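Chemist: Need a 3D model of the sequence below.
(chains A, B, C and D)
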Amino acid sequence: MKRYSFSSIFTEAFRDNLGWEKAWAKSLPKKEYDVIIVGGGGHGLATAYYLAKNFKVMDIAVIEKGWIGGGNTGRNTTIIRSNYLQESSIGIYEKSRFLYETLSQDLNYNIMFSPRGVLMLCQTEHELRAMKRTSHANRINGVDTKMVTPEEVKEIVPIINIDGPRFPILGALWQPRGGTARHDAVAWAYARKCSDYGIDIIEQCEVIGVKKKREKIVGVETTKGHIKAKKVCFVAAGHSSVLADLAGFRLPIESVALQALVSEPIKPIIDCVVMANTVHGYLSQSDKGELVIGGGADGYNNYSQRGSFLHIEETVRALVETFPVISRLRQLRQWGGIVDMTGDRSPIISKTPVDGLYINCGWGTGGFKAIPGSGWATAEMIYNEKPGKLASPFSIDRFLEGRLIDESAAAAVAH
Amino acid sequence: MIQRVPNKMDKITDDTFVDVYLIGSIRSLNIRVDQRDKKSLNIIKKNIAIELPSVQKTSERKGLTLCWISNDEYLLLNEKKENDKLFNEFKKQMNLTTGVAENTTDLRVWFLVKGGRALDILRKGVPLDLSKSKISKGSFFRTRLGEIQINILIKSSNEILVSVLRSHRDYMVDWFEVCTMRGTEINFDL
Amino acid sequence: MLYIFCPTCQRDCDETELSCGGQAHLIRRDHASSDKDFYKYLYERKNDKGIIFERWRHVYGCGKWFHTARCTITNQVFGSYSAKEVQPPKSILATIRRYRVDFKGWGK
Amino acid sequence: MSSRLPQEGSRINREKTVDFRFNGKNLKGFDGDTVASALLANNELLVARSFKYHRPRGIFSEGEEEPNALMGIGEGPYFEPNIRATEAKIKQNMNVESQNHWPSLRFDFLSINNLFSRFFAAGFYYKTFMWPRAAWKYLFEPMIRRASGLGNAPRDYDEAHYEHIYHHTDVLIIGGGLAGITAAKALSDRGLSIMLCEKDCVMGGRYLEDCESGNRERYKKLHKSSMEILKNSKDISVKLNTTVTGIFDHGFALAYEENQHSDTATKKALWKIRAKIIILCTGAIERPLVFPDNDLPGIMLAASVRDYLQKYGVLLGDQLVLTTNNDYAYKTVIELKRRGIDVPVVLDTRTSSDDPIIEEIESLGVRILFGKCIGKVEGKRKVDAVGICSVNGQGTIEELIPCNAIAVSGGWTPNVNLWSHCGGKLLWDGESGFYKPDPENTPIGKEGETNMLVLGAAAGIFGDYDIQDQVPRKINQLASRLKIKSKRYIETNIFSKEPEKKGIPTYVIPHGASKEKHKKMYIDFQNDVKLSDLQLAAQEGFENIEHAKRYTTLGMATDQGKTSNINGIHVLSQILGKPIDRIGHTTFRPPYKPIPLGLIAGQYAKKLFKPIRKTPIDKWNSRKNAMWEPVADWRRAYAYPRGNESLEETLSREVLSVRKNVGLLDASTLGKILVKGPDAGQFLDLIYTNMMSTLKDGKCRYGLMCNEAGFVFDDGVVARLNEQSFLCHTTSGGADRVFSWLEEWLQTEWHHLKVFIVNLTEQYSQIAVAGPKARELLQSFKSVDLSAEKLPFMHFIETYIDDIWVRVYRISFSGELSYELAVNSNQAEELWNKLIKVGKKYKVQPYGTEALHILRAEKGFIVVGDETDGTVTPHDLGMDWIVSKKKKDFIGKKAFSLPYLNSSLRKQLVGILTLDKNKVLPDGCHAVEDGKAIGHITSTYFSPTLKRAIALGLIENGRSRKGSTLEFESSNKESIFAKIVEPNFYDPEGTKQDG
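Modeler: Numbers count the residues shown, from 1 in each chain, chains lettered A, B, ... in the order given. As a prediction, the model looks like this:
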């Protein structure tokens, strides 16, 4: 693989960039693999990458029904943070955030991780107390966050209206090392590195059946033929239930459309990520200058990647109230992603009723931030055939035992 | 149908294309009754002598208006003082059965929206089809306006009674003020 | 923006008037059930990509619950029916079959 | 050199001059001018800088497709950035500023990027700026951020008026051109309601501008009669200046109305339209050809050149070269020649054409070169000359022809965005070179029916004759399909069938252009995406159109690729050697035209942002300058500060007044739900964890509700009014939730139970009278006997205070002697005032929610939401006593048997007393043991009563830790040590509640 460096860019610039290779090889499926990852989004590619890097498992195929990064990896608001309340959540999200810090260098691909800070507003007394609890939990678990005053909020985000008549800003939880990254680039960077490791990335290849022998996985049936495998892992976000159905079990998951939008690009007005949970909206500004806005998910099951205008309206209304100057900026584009919501809104990284079949899903509205950590933990589980420390709290069994990981305690909607 | 001379003091809008009056409370009972519960139905028939209204309609008699909310829920409005005795007696009788007749007079506030543009105003917040062809005198709708629940009683195409929870009164007054600002009439160009 | 027929009000309702209650026809499991059955009742969902049976409440209107059959890919609604039904009425299933010849049945 | 002709201009009123400013320069235009036409009339060719390379750009089109001319328009509270100059009308004294340059439009420092463009190829950012790691955050990214973005954000508050309007219609026709007007006529008189939205300020679309000169009078006559029909029809409502921007499920459409409101502001309305049938008559957009140097100011779409002539009397240049691949664009030459304008040459990429228009033009003395195209354009910020080359060659310049403007036409693209928004599929039409709606895969309505019809140019039908032929036929078909009053609509076709205007799809010329030339061939003007960028993307494997789009940013600018998409798809297909229909297209997403965020919020901003629910005593609270606390949608009085008191002093005063004398609390927001029926008791036994059916008439019982997962969800006092009726009190924030919860169980699970519920939360207001002097205060009203015998603890009576009916509950949330008075809301304020007045003697004081919280914390009473967070069971709270063992079933019972809910590691509610009694534990801080968190504080206060810090908390296995001291980490540096005790700090024997 040709390395990206100053010198390679310089050389290429003077020969019409003719020397750049394909970012990842376009592969056809082999007959058999040690591991098949179903789903070529960030989580799937990261799982393959850490299997190869951390455990030297190289005989892997990542199969994707559409195009790499075409699911929620390419349809989110790119927020990265780890300011969670529960210890198990902090564990995996902080691992993830930590990996993001050096991901550009590790993968030799600028994924533009931008630790510009994440500000979580508190707009009621109750939310303020809950957020304080989170900040204590963060500190004890080694996550660098702090509570800031309304005045400090105003300093960090000058365009904010801290004296809103309905929900004045009472304070905020500030995670200076949270931020954003370029979402597509995360998928491309992992794909490029996977390809470099010899992992086959097979696009336009949909799984249409699961082959089992005595409740043990032996392979998958795809639109590109039958592929045998010793181990298979489903990493398919909103489509997890469809795959589980093929494998003969059900999941504690519902797929709903989550909407996001961007504004037309403008010169910088906001330098960090702001999340307002009471009024349901979050906002950041991309390097291109677009405001990237997200909010609530639709209340009904949906696979159509388009959703209702209702939540766009509620989110924008809340943000216009919080940042009055944005009212004359224009909505450029809206889109929906199909997100997989579990019963407790926390993810699933787990073995399944089928031996040799693993699953990583349920990231709901907040999967992007977890990509590296989730890939890391899932790879570990596949290799050891049992979840490690990061993954074990997230097994499906927890619902059976009543061991829920409920983040809503922090009054925060999960993003 | 409800008659009430709007009190000038309560007029919310000023010099615009519709008049909105804050009426305040109207004596009302929320009635809940199972359609199979003949005993309770009989009490309605006997005591207030009003036919049960059909879906999204009202029926009325002598200043009493019975509004359909659901197949087991009605709202009885009493606009005439002389009905008070009847009203109270009905409440008492009804509560001896398995049905419910509960005083909800204080629960809501009522507004009267008057003028040729009355329906237009509500179209700024109500997701129902309020085109004149779809609305008839005596219709009663429960739906939402912005983020709040609202009851709409059509007296005629240019006289509409609406009610909201009493706690939403100020919000509703503000809403009417904003939505009846001059220059915001709903117009077509051809 | 869905527009769903409320069988009580006998009219179509804007999505903003409704709230969705998820999968219909779940059987409640009480304390006498096994943990596994209880888990299935409380958390496990069909979540089909295709036709689903789901619960809605006309929360801003009559307040009544009802059920619908809806396709989660096209959002086509095949009809609304009473929330008291323990399984979809035949007429709804017939409508579905008219549009989807390969429909396997509601319990599948 | 662009200029205004001495006459004509259908859109302008030459009698009325309008003054405006462009970049500080005073300019004049006419009433009716757009910013673009007025700028061109003033010979302002350079009007913008591009996004990435800051290249000089001019006005490229006449409509919503404009990629270049984006302006900041207006001032102060009316300033708006990124407005298309082609869409904004000029107004007197309007200020217009170009964007994205420094220090000026003419000399833009960052045009230096242009020089380094060889480094800035597609994907460049992904390959660099990685070393050293910190440099991205501190150097590169800030640099990139500053350079990117287009206009400046407004700084002042917005004064525009925005609102939403719901509209229901049988038919929504989108577009008021020939097709739309004919469709409306054909549908009228059938008993249907019809709404027609036209984005322009006049009806007619392109057909008046584009008609043959011989036909003009006939067109005008037709238009006039059509307008009469539309005006007189009762069925048809027409909205001008209204663009349909999005189509959603079940026939929901959003339309954006922008109308003149006053001199400064504009009224903007968002129409939320529900239509049974949507008819798309959105026409087509001309697309450019891609040739070297094609982005210079002075190059414009051919149809736009004629539009400026006819609508505004504005001429792009007096020496204009046309480059085309189709016959249609020759109309521009005819229009120019008609006005005596010099057209030095027409370059046609085709080998020949047999259309009569060619002969006509040759007869006017215009030189037409077939098989030729533009190989280069000379000029720095404007066009000076074109170099002619062969279409199939490498771009060797054969001849240089001086000129000052170029009209370009690469054919037309049907405007199909709205078809795709809600599921419609597109078909590639190779012969015409565009995607058009696939009649087999249409958008569908709620019942699965086809709910959209496309007519006219949007369906790929361009000729006037053909449109007038197609539309009535299609409408008649639609009418019979829908079984609507099927009067056949017949309209005599006034147009004569003309030979079809032909073109050969060509996109990029010259075909054999060199690599060097590819770097000057722009596909997406606004985002500076060049042919070479797409080549590089494909070379690096970004072959899928979505990948190529994301890698190069093709079509992602504010014009959403209206002029660039098809060319981009074509280029990709050429590079990959795949047919275009295998390349596909990116998904069209709403909005078709960008909508202001303020409009999305609509009227629900400022005071209408969110409803604030107010209690009947709110006015009194407000007069007393209460501090507010939002509780769900309610605002409640948080505290009543007096004079210069600090908040601590206020709270202490309010708490002590309850402990020593008597206090009044506005508790009106408490939920009150009537549960009535023969099975009410049975029902409540299923809902609450404890037994309710055994409650005696006239008595109260505290109850707890859990969800199925076993976690506490609400609590409150239940009063049994009579045999059949219970009144259930809920938390303030939980009233609506609990009401819905009860309805849900009644309707969907236990519908055999004979129970009705009514939400009476606002029928009754509630006033708590608490404190040792509460009884005395109430007894001073003559009619009331509240002696302990008459009204024991946890009982209620109905009585009158003066002549006000009240229901008096003897319950206590403070541990003191306490009554809660329920009163009909209309009399609540009166009663409150009476109590305040009479209470003076007993030193009565109002207290707010924070004092309430302190009082209950002193007693160790829980607050749902503080002590619970959705993961806490009654057992965790030490409330085993409230979980019935007798009842067979209730919600939550099963979950209590799950393994994790019985784990020894569960956190349990305890009281916490700091060793240093003045040290108040911080909110939410955690207890740590061996470096691990073992629990957290749920409530923490300085107790004015006990004069010491108190706290409640959930601690792992807390009940067994009673008596031990734990470490609470309050910050990195500090720990506070505290003792675990019983959660009841004040009057543990409960003697005070009897007074």
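Chemist: For residue B:171, give me phi and psi.
Modeler: As for residue B:171, its main-chain torsions (degrees, to the nearest 10) stand at phi -60, psi -40.
Chemist: wait, isn't it in contact with residue D:604?
Modeler: No: Residue B:171 lies out of contact with residue D:604 (Cβ atoms under 8 Å); the separation is 10.7 Å. (C-beta placed from N, C-alpha, C; glycine too.)
Chemist: Counting neighbours, go ahead and name the busier of those two.
Modeler: Taking neighbours as other Cβ atoms under 10 Å in any protein chain shown, residue B:171 and residue D:604 compare with residue D:604 leading, 26 against 23.
Chemist: tell me the mean pLDDT for stretch B:99-109?
Modeler: Here stretch B:99-109 scores 96 as its mean pLDDT.
Chemist: meant to ask about stretch D:823-836
Modeler: In this model, stretch D:823-836 has an average pLDDT of 98.
Chemist: gap between that stretch and the chain center?
Modeler: Stretch D:823-836 sits 43 Å away from the centroid of its parent chain (Cα atoms, centre = their mean, to the nearest Å).
Chemist: Now do the SS call for the residue of chain A found nearest chain B.
Modeler: Taking Cβ to the nearest Cβ, chain B has its nearest neighbour within chain A at residue A:314, 8.9 Å off. For residue A:314, the assignment made with DSSP: H, G, I helix; E, B strand; the rest coil gives helix.
Chemist: Hmm, residue A:294 and it touching each other?
Modeler: No: taking Cβ under 8 Å as the definition, residue A:314 is not a contact partner of residue A:294, at 11.6 Å.
Chemist: Mutual contacts of these two, please.
Modeler: Listed contacts common to residue A:314 and residue A:294 are residue A:281; contacts here mean Cβ atoms under 8 Å, 6 or more residues apart in numbering or on different chains.
Chemist: Can you tell me the centre-most residue of chain B?
Modeler: The residue lying closest to the centre of chain B (Cα atoms, centre = their mean) is residue B:153, at 4.1 Å.
Chemist: Please enumerate the strands of chain C.
Modeler: For chain C, strands defined by DSSP state E occupy the ranges C:3-6, C:11-14, C:19-23, C:51-57, C:65-71, C:77-82.
Chemist: Compare the ones you listed and give me the one nearest chain B.
Modeler: strand C:11-14 (3.6 Å).
Chemist: Residue D:509: neighbouring residues, count only.
Modeler: Residue D:509: 28 neighbours (other Cβ under 10 Å).
Chemist: right, I mislabeled it, should have said residue A:172
Modeler: 29.
Chemist: same thing with residue D:307?
Modeler: 25.
Chemist: my read: it touches residue D:62, true?
Modeler: Yes: with contact defined as Cβ under 8 Å, residue D:307 counts as touching residue D:62 (4.2 Å).
Chemist: Could you tell me which ranges of the stretch 251-400 of chain A sit under the pLDDT cut-off?
Modeler: For the stretch 251-400 of chain A, no stretch has pLDDT under 70.
Chemist: which residues of it fall in helices?
Modeler: Remark: helices assigned in the stretch 251-400 of chain A by DSSP state H, counting those that start in this stretch are A:310-322, A:371-384, A:397-401.
Chemist: Would you mind listing the buried residues in the shortest one?
Modeler: It stands for helix A:397-401. When neighbours are counted by 16 or more other Cβ atoms under 10 Å in any protein chain shown, the buried residues of helix A:397-401 are found to be A:398-400.
Chemist: Just to check, residue D:610 is in contact with residue B:146?
Modeler: No: counting by Cβ under 8 Å, residue B:146 is not a contact partner of residue D:610; they are 9.2 Å apart.
Chemist: Find the residues that touch each one of the two.
Modeler: Residues touching both residue D:610 and residue B:146 by Cβ under 8 Å, 6+ apart: residue D:604.
Chemist: Which residue is the nearest non-sequential neighbour of the residue nearest in space to the middle of chain C?
Modeler: Against the mean C-alpha coordinate of chain C, by Cα atoms, centre = their mean, the closest residue is residue C:54 at 1.9 Å. Nearest non-adjacent residue to residue C:54, counting by Cβ to Cβ, 6 or more residues apart in numbering or on different chains: residue C:24, 5.4 Å away.
Chemist: hang on, the earlier thing: could you double-check that the residue nearest to the centre of chain C lies in contact with residue C:70?
Modeler: Yes: counting by Cβ under 8 Å, residue C:54 touches residue C:70, with 6.3 Å between them.
Chemist: Quick check: neighbours shared by these two?
Modeler: Shared contacts of residue C:54 and residue C:70, defined by Cβ under 8 Å, 6+ apart, comprise residue A:300.
Chemist: phi, psi of whichever residue of chain B sits closest to chain A?
Modeler: Nearest residue of chain B to chain A, counting by Cβ to the nearest Cβ: residue B:147, 8.9 Å away. Main-chain dihedrals, residue B:147, degrees, to the nearest 10: phi -100, psi 0.
Chemist: Next up, the contacts around it.
Modeler: Residue B:147 neighbours (Cβ under 8 Å, 6+ apart): D:604, D:610-611.
Chemist: Now for residue D:340, how many residues are close by?
Modeler: 8.
Chemist: how far away is it from residue D:318?
Modeler: Per Cβ to Cβ, to the nearest Å, residue D:340 is found 9 Å from residue D:318.
Chemist: ditto for residue C:56
Modeler: The gap separating residue C:56 from residue D:318 is 66 Å, by Cβ to Cβ.
Chemist: more crowded one of these two?
Modeler: Per other Cβ under 10 Å, whichever of residue C:56 and residue D:318 has more neighbours is residue C:56, with 28 against 17.
Chemist: Tally up the residues packed near the closest residue to that one other than its chain neighbours, please.
Modeler: Excluding the flanking residues, the one nearest residue C:56 by Cβ to Cβ, 6+ apart is residue C:18, at 5.1 Å. Counted with other Cβ under 10 Å, the neighbours of residue C:18 add up to 22.
Chemist: next one: residue D:234
Modeler: By other Cβ under 10 Å, 9 other residues sit near residue D:234.
Chemist: Specify the local secondary structure of it.
Modeler: Applying three-state DSSP: residue D:234 is coil.
Chemist: hey, which helix or strand in chain D has the poorest pLDDT?
Modeler: Counting by mean pLDDT, DSSP states H and E, chain D has its least confident helix or strand at helix D:207-210, which shows a mean of 76.
Chemist: where does chain B come near chain C, residue by residue?
Modeler: Proximity of chain B to chain C (Cβ under 8 Å from any Cβ of the partner chain) is limited to residues B:55-56, B:69-71, B:73, B:127-128, B:141-144, B:149.
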